[in-house]
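Enquirer: Show me how the following folds:
(chains A, B, C and D)
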There are 2 protein chains.
Amino acid sequence: MENISMKDVAQKAKVSTATVSHVINETRYVAEETKKKVYKAMKELDYQPNSVARSLRSRKSNIIGLLVPLVASDTSNFFFMSIANGIEQVLKENGYNLILSNSSEDLSIEQDQIKVFNSQLIDGLIIAPVDSQKHDYKENLRGNYPVVFIDRQPKELTSDTVLIDSGAGTYKAIELLISKGHTKIGFITGPLGITTSDERLQAYKNALKNNNLSYDESLVKIGSATFDKGHSFTKELVEETGATAIFAANNIMTMGAVHYLQEKDIPIPDKVAIIGFDDYDWLRITSPPLSVVKQPSYEMGKKAVELLIKRINGSKDPYDVHRLPSELVVRGSC
Amino acid sequence: MENISMKDVAQKAKVSTATVSHVINETRYVAEETKKKVYKAMKELDYQPNSVARSLRSRKSNIIGLLVPLVASDTSNFFFMSIANGIEQVLKENGYNLILSNSSEDLSIEQDQIKVFNSQLIDGLIIAPVDSQKHDYKENLRGNYPVVFIDRQPKELTSDTVLIDSGAGTYKAIELLISKGHTKIGFITGPLGITTSDERLQAYKNALKNNNLSYDESLVKIGSATFDKGHSFTKELVEETGATAIFAANNIMTMGAVHYLQEKDIPIPDKVAIIGFDDYDWLRITSPPLSVVKQPSYEMGKKAVELLIKRINGSKDPYDVHRLPSELVVRGSC
DNA sequence: GTGAAAGCGCTAACAC
DNA sequence: GTGTTAGCGCTTTCAC
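Expert: This is a model prediction of the structure:
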């Protein structure tokens, strides 16, 4: 199939390409009669505007990049995919499209993907950085497009950032467990060094301190964020450390923890209470239904898009960090 | 920040833009000395090639579109997101990028999104069509890029198609239930008319027939694919129709069904056996762990990409329908 | 072994 | 109200 260009339309409608362009973009007045001719020619030729040429000329692609750290495991992706979904929705309403890209939680892959984005393809980037604390993103992110960081706070404030205050939800969860009389509360987390993990552990410590409980290192288990680690950490905490309550600081380890308790027929919450992280439908089907700290992922995506579009439209406001509240959802497991 | 173009690099390196281009793309011989000069200039200027200009000129964007029908509910997306993940992975290995787009399971939104793609932006499209049986995609999909259909078979074979033979897994599941002595097997499904649902229902009927069980319409519940429908259908089947086994034909209704059984403390599988659809980590945490029909979503994404890239590279083979096998994973719930 | 220059399809400044 | 035309940054043909 041959490609129809604006020139073809212009010829057929007996007008100039400028007129065709202005009809399409409604960017200057065109007489009704002329418009009609142009529309007719477009229809007859089945004209499809070439968005690449348009982007080149207008220096605007209407495409937004999203770079998230998905790992192979089936479940850890839910959170970011949920965000992606929210972002996609809001972008569409604003006439933008989404390029989804995956850093696989690997810094060098992330840098490669950023290089792809730097080649003038996108109007803006939303990124959940792999290594927000040690790595300096200023060096890589020097494409001439605005950037919004999500979920993890970069060490320097060089862009707008949207975070979830997961500390607050964690703090409430731990306090709830304490109020129910638990003194040995196990804390299971993925690797430290990303802001979300650090924040949750800090909230755990604070809650203990403010309630006159001493911090016991043996109750804190740190390892890769996997189902199996969630499982084995819970086993250790319950069997060896004598924990009567478990807090899991991410969704996949939550599942591993629940799995262990159900497998051993340990009564929840009578023998061991548990509070998990992230709220998904599947948590409703455990028995009893799981209490969780819920993160507003959709809202985070939405907020990120709003900030990004504001920047694309030229805002020069000082960079801002937005914190969305996390919420403690109390169900039967504690 | 000013934009550095190839011209700047050429000037700095005292060569022509042609040479710079050939150095970057390794598309004709360039003397080592010259190459070095060019690389040096690129580095010093921090040159980022403009992929939009490249696409315009070379008529190749290295971008693939993916159009999937996600709906708002948190869980129904897992399947397609899992596919997206697989696709993204394989594309990256081949130097392509992914534009993710969402039809929201709505035909008119889908057509709008296809129009966006038709504007010469993408080199190929992978689509899980909303309405594969009634709607004729030939009319919309006339961009000059190859297309691969996934998950749902379009009524006419106008493109390569990758499907999962979910009928085979369903058949095995129903036969297993029959072999355990069940004669009243409830079947819960989302709306018919999409090939996957139709295929699963047909397999159910076939399994009954081949085992000399009569088909009882009151055991088949058809409705929107939601958690709550899965819940209420199961309730009706167990309380009113007297079903002793449940087969749920998609993942979200599976969850609703399990939720009902656990809520009512109905012993699984002693009182009611259940087999669900799609295999995710969270199914391991139900008690007992759920038996499911597992779909190879990653493999489907991978196969779709392979077919698409073959077409992009000019293959003129006749269109092909690939069927990937589904698998019955037997755990404790039946 | 390298350069000059046309042109991909569009937008927008300038002209009338 | 509309047309002419330069040029976005790159690839590629033709020339030497």
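Enquirer: tally of neighbours for whichever residue of the stretch 101-250 of chain A sits closest to DNA strand D?
Expert: Using C-beta to the nearest atom of the strand, the single residue of the stretch 101-250 of chain A nearest to DNA strand D is residue A:120, 7.1 Å away. Where C-beta positions appear, they are placed from N, C-alpha and C, glycine not excepted. Using other C-beta atoms under 10 Å in any protein chain shown, residue A:120 has 21 neighbouring residues.
Enquirer: ok, now residue A:323?
Expert: 14.
Enquirer: Identify the spatial nearest neighbour of it, chain neighbours not counted.
Expert: Once flanking residues are discounted, residue A:323 sits nearest to residue A:165: 4.4 Å by C-beta to C-beta, 6 or more residues apart in numbering or on different chains.
Enquirer: Give me the contact list for stretch A:83-95.
Expert: Stretch A:83-95 is contacted by residues A:62, A:64, A:66, A:68, A:97-98, A:100, A:126, A:128, A:150-151, A:297-302, A:304-306, A:309, B:70, B:77, B:81, B:100-102 when judged by C-beta atoms under 8 Å, 6 or more residues apart in numbering or on different chains.
Enquirer: Thought residue A:60 was touching the residue of the stretch 101-250 of chain A closest to DNA strand D, still the case?
Expert: No - contact between residue A:120 and residue A:60 fails when scored by C-beta atoms under 8 Å: they sit 10.5 Å apart.
Enquirer: could you pull out the strands for the stretch 151-300 of chain A?
Expert: Taking DSSP state E, counting those that start in this stretch, the strands of the stretch 151-300 of chain A run over residues A:160-165, A:185-189, A:220-222, A:245-248, A:273-277, A:291-294.
Enquirer: three-state assignment of the residue in the stretch 101-250 of chain A that DNA strand C sits nearest to?
Expert: Nearest to DNA strand C, among the residues of the stretch 101-250 of chain A, is residue A:120, at 13.2 Å (C-beta to the nearest atom of the strand). State at residue A:120, reduced to three classes by DSSP: H, G, I helix; E, B strand; the rest coil: coil.
Enquirer: Local confidence estimate at it?
Expert: Here, the pLDDT recorded for residue A:120 equals 83.
Enquirer: Kindly report the same for residue A:72.
Expert: At residue A:72, pLDDT is 65.
Enquirer: for residue A:75, same thing?
Expert: 59.
Enquirer: same thing with residue A:1?
Expert: pLDDT, residue A:1: 50.
Enquirer: most tightly surrounded among the strands of the stretch 151-300 of chain A?
Expert: strand A:245-248 (a mean of 30; mean count of other C-beta atoms under 10 Å in any protein chain shown).
Enquirer: quick one: strands adjacent to that strand?
Expert: Its sheet considered, strand A:245-248 pairs with strand A:185-189 (parallel), strand A:273-277 (parallel) by DSSP bridges.
Enquirer: Give me the distance from that strand to the chain's centre.
Expert: 24 Å (C-alpha atoms, centre = their mean, to the nearest Å).
Enquirer: and for that strand, what are the contacting residues?
Expert: A:170, A:173-174, A:177, A:180, A:182, A:184-189, A:204, A:230, A:234, A:237-238, A:254, A:256-257, A:261, A:269, A:272-277, A:334.
Enquirer: Also stretch A:261-275?
Expert: A:173, A:176-177, A:180, A:182, A:234, A:238, A:243-248, A:254, A:257-258, A:260, A:286-288, A:290-293, A:328, A:332-334, B:285-287.
Enquirer: quick one: is stretch A:10-20 near chain B?
Expert: No - judged by C-beta under 8 Å from any C-beta of the partner chain, stretch A:10-20 makes no contact with chain B; its nearest approach is 14.8 Å.
Enquirer: Columns distance to residue A:25 and mean pLDDT on top of the strands of the stretch 151-300 of chain A, output as a markdown table?
Expert: Listed next are the strands of the stretch 151-300 of chain A as a markdown table, based on distance: least, C-beta to C-beta, whole Å; pLDDT from 0 to 100:
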| stretch | distance to residue A:25 | mean pLDDT |
| --- | --- | --- |
| strand A:160-165 | 29 | 95 |
| strand A:185-189 | 52 | 97 |
| strand A:220-222 | 55 | 98 |
| strand A:245-248 | 52 | 98 |
| strand A:273-277 | 47 | 96 |
| strand A:291-294 | 43 | 96 |
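Enquirer: right, and these - which one's nearest residue B:160?
Expert: strand A:160-165 (39.9 Å; C-beta to C-beta).
Enquirer: other SSEs contacting that closest one?
Expert: strand A:147-150, helix A:195-210, helix A:297-312, strand A:321-325 (3 or more C-beta pairs under 8 Å, 6 or more residues apart in numbering or on different chains; DSSP states H and E).
Enquirer: Which among the ones you listed is found nearest to residue B:111?
Expert: helix A:297-312 (23.6 Å).
Enquirer: Give me the buried positions along the closest one.
Expert: The neighbour-count criterion (16 or more other C-beta atoms under 10 Å in any protein chain shown) identifies A:297-298, A:300-309, A:311-312 as the buried residues of helix A:297-312.
Enquirer: Same list (those residues) but as CSV, adding pLDDT and distance to DNA strand C.
Expert: As requested, the buried residues of helix A:297-312 are exported to CSV (pLDDT from 0 to 100; distance: C-beta to the nearest atom of the strand, whole Å):
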residue, pLDDT, distance to DNA strand C
A:297, 88, 35
A:298, 87, 33
A:300, 94, 33
A:301, 93, 29
A:302, 93, 28
A:303, 95, 29
A:304, 97, 27
A:305, 97, 23
A:306, 95, 24
A:307, 96, 24
A:308, 96, 21
A:309, 95, 18
A:311, 94, 19
A:312, 93, 15
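Enquirer: Intersect the contacts of stretch A:83-95 with the contacts of DNA strand D.
Expert: Among the contacts of stretch A:83-95, none lies close to DNA strand D by the criterion of C-beta under 7 Å from any atom of the strand.
Enquirer: Burial check on the residue of chain A found nearest DNA strand C, number of neighbours?
Expert: Proximity of chain A to DNA strand C (C-beta to the nearest atom of the strand) peaks at residue A:6, 2.9 Å away. Neighbour count for residue A:6, taken as other C-beta under 10 Å: 20.
Enquirer: ok, it to DNA strand D distance?
Expert: Separation of residue A:6 from DNA strand D (C-beta to the nearest atom of the strand, to the nearest Å): 9 Å.
Enquirer: Please give me every residue in contact with that residue.
Expert: A:17, A:20-21, A:47, A:49.
Enquirer: Please read off the pLDDT at it from the model.
Expert: 96.
Enquirer: How about residue A:154?
Expert: 86.
Enquirer: ok, it to residue A:83 distance?
Expert: 17 Å (C-beta to C-beta, to the nearest Å).
Enquirer: With neighbour numbers in mind, choose between the two.
Expert: residue A:83 (26 against 21).
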